[in-house]
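Enquirer: Predicted structure and sequence below. I'll ask about it afterward.
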Amino acid sequence: MTRFTVLDTPPEVCEATADRFVAAARDAIDERGIFRVSLSGGSAPKSVYPFILEPERLDSVDWSRVEFFWGDERSVPPDHPESNFGVAYQMFISHLPRVRPDRIHRMPAEAPDIHAAALTYESELRLAFDARGDEPPAFDFMWLGMGPDGHTASLFPDSKALDETERWVVANWWPHMETWRMTLTFPVLLAARLTIMEVMGANKAEAVRRIRDGDTDLPASRIAGDHVEWIIDAAAAGEAD
């Protein structure tokens, strides 16, 4: 059953997410020799990265055995301030010791042909995971967030990618911003060994309420199961004063 952990404040959510990240990394490296993580986009990870970089957490992980991927990306160059990769690299990855460049797999969503680029990224996933057949890769840690409209990764309400069952990576049009995004699809999101949904803010409360009440219409409502933990603050849970 999906777990919902409600913490009072955003810093508590960020610290808990950092703890889950580091614990998952250590377990995966101990068991399989490598930790494959799909990083979240959006604003929430910016507040978590400093917690992971605190010495006690930082020094407990062999970062040479961590392989980085992304759940989605905006159609901007990697040095753009809205690039999910750029934010993660500048705030987090560039501060890690012993990271191997060949284990950093950014989504090239700024490519002129984003559909072809999505196919290329899917091929990169297959190589990295040594995938055989159609079974999607099992990430050790799937880090996701949710927008006020209930989207997760770049899987937006009423968008075409919601119905994708075979492709692992697609380009998805976001009408609200009139832009393309590159995103992992539900077959990959749901195959992870552990998924953390990090959600903060009162503007997410209505979507959270609907999902906790059993509404299945929002994209993020599909992120469910025994391997999933939602870590939310009191505001997102509708419990703030």
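Expert: That came in fine, so what should we check first? Numbering: from 1, shown residues only.
Enquirer: CA only for contacts and neighbour counts going forward, please
Expert: Fine.
Enquirer: where along the chain do the helices fall?
Expert: 10-32, 44-52, 55-58, 84-91, 114-129, 186-189, 205-212 (DSSP state H).
Enquirer: could you dump those helices to a markdown table with mean neighbour count, distance to residue 98 and mean pLDDT?
Expert: Shown next, in a markdown table, are the helices of the chain (neighbours: other CA atoms under 10 Å; distance: least, CA to CA, whole Å; pLDDT from 0 to 100):
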| stretch | mean neighbour count | distance to residue 98 | mean pLDDT |
| --- | --- | --- | --- |
| helix 10-32 | 18 | 15 | 98 |
| helix 44-52 | 19 | 15 | 96 |
| helix 55-58 | 13 | 12 | 98 |
| helix 84-91 | 20 | 14 | 98 |
| helix 114-129 | 17 | 19 | 98 |
| helix 186-189 | 22 | 28 | 98 |
| helix 205-212 | 18 | 38 | 97 |
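Enquirer: Just send those helices back as a markdown table, with distance to residue 219 too.
Expert: Below are the helices of the chain laid out as a markdown table (distance: least, CA to CA, whole Å):
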| stretch | distance to residue 219 |
| --- | --- |
| helix 10-32 | 21 |
| helix 44-52 | 18 |
| helix 55-58 | 32 |
| helix 84-91 | 20 |
| helix 114-129 | 20 |
| helix 186-189 | 9 |
| helix 205-212 | 10 |
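Enquirer: okay, and for the protein, where does confidence drop off?
Expert: 241 (pLDDT under 70).
Enquirer: give me that answer again for 80
Expert: Residue ranges of the chain with pLDDT under 80: 176-177, 240-241.
Enquirer: Identify the residues contacting the nearest residue to residue 93 once chain neighbours are set aside.
Expert: Among residues not flanking residue 93 along the chain, residue 99 sits closest, at 7.7 Å (CA to CA, 6 or more residues apart in numbering). The neighbours of residue 99, taking CA atoms under 8 Å, 6 or more residues apart in numbering as the test, are 63-66, 93.
Enquirer: so which of those is the most crowded?
Expert: Taking other CA atoms under 10 Å as the neighbour criterion, residue 66 ranks highest of the contacts of residue 99 with 22 neighbours.
Enquirer: how near is the nearest residue to it once chain neighbours are set aside to residue 144?
Expert: Of all residues not flanking residue 66 in the chain, residue 35 sits nearest, at 4.7 Å (CA to CA, 6+ apart). To residue 144, residue 35 is 17 Å away according to CA to CA, to the nearest Å.
Enquirer: My guess is residue 9 contacts residue 236. True?
Expert: No. Judged on CA atoms under 8 Å, residue 9 makes no contact with residue 236 at a distance of 10.0 Å.
Enquirer: what's across from residue 197 in the sheet?
Expert: residue 144, residue 230 (DSSP bridges).
Enquirer: Quickly list what the nearest residue to residue 74 once chain neighbours are set aside is bridged to.
Expert: Nearest non-adjacent residue to residue 74, counting by CA to CA, 6+ apart: residue 181, 5.0 Å away. Assessed by DSSP bridges, residue 181 has beta-bridge partners residue 74, residue 172.
Enquirer: how about residue 181, what does it touch?
Expert: Residue 181 touches 72-75, 109, 154, 171-174, counting by CA under 8 Å, 6+ apart.
Enquirer: Pipe those residues into JSON lines and attach distance to residue 196 and neighbour count per row.
Expert: JSON lines is the format used below for those (distance: CA to CA, whole Å; neighbours: other CA atoms under 10 Å):
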{"residue": "72", "distance to residue 196": "15", "neighbour count": "31"}
{"residue": "73", "distance to residue 196": "18", "neighbour count": "28"}
{"residue": "74", "distance to residue 196": "21", "neighbour count": "23"}
{"residue": "75", "distance to residue 196": "25", "neighbour count": "21"}
{"residue": "109", "distance to residue 196": "24", "neighbour count": "26"}
{"residue": "154", "distance to residue 196": "16", "neighbour count": "28"}
{"residue": "171", "distance to residue 196": "23", "neighbour count": "26"}
{"residue": "172", "distance to residue 196": "23", "neighbour count": "24"}
{"residue": "173", "distance to residue 196": "25", "neighbour count": "18"}
{"residue": "174", "distance to residue 196": "24", "neighbour count": "17"}
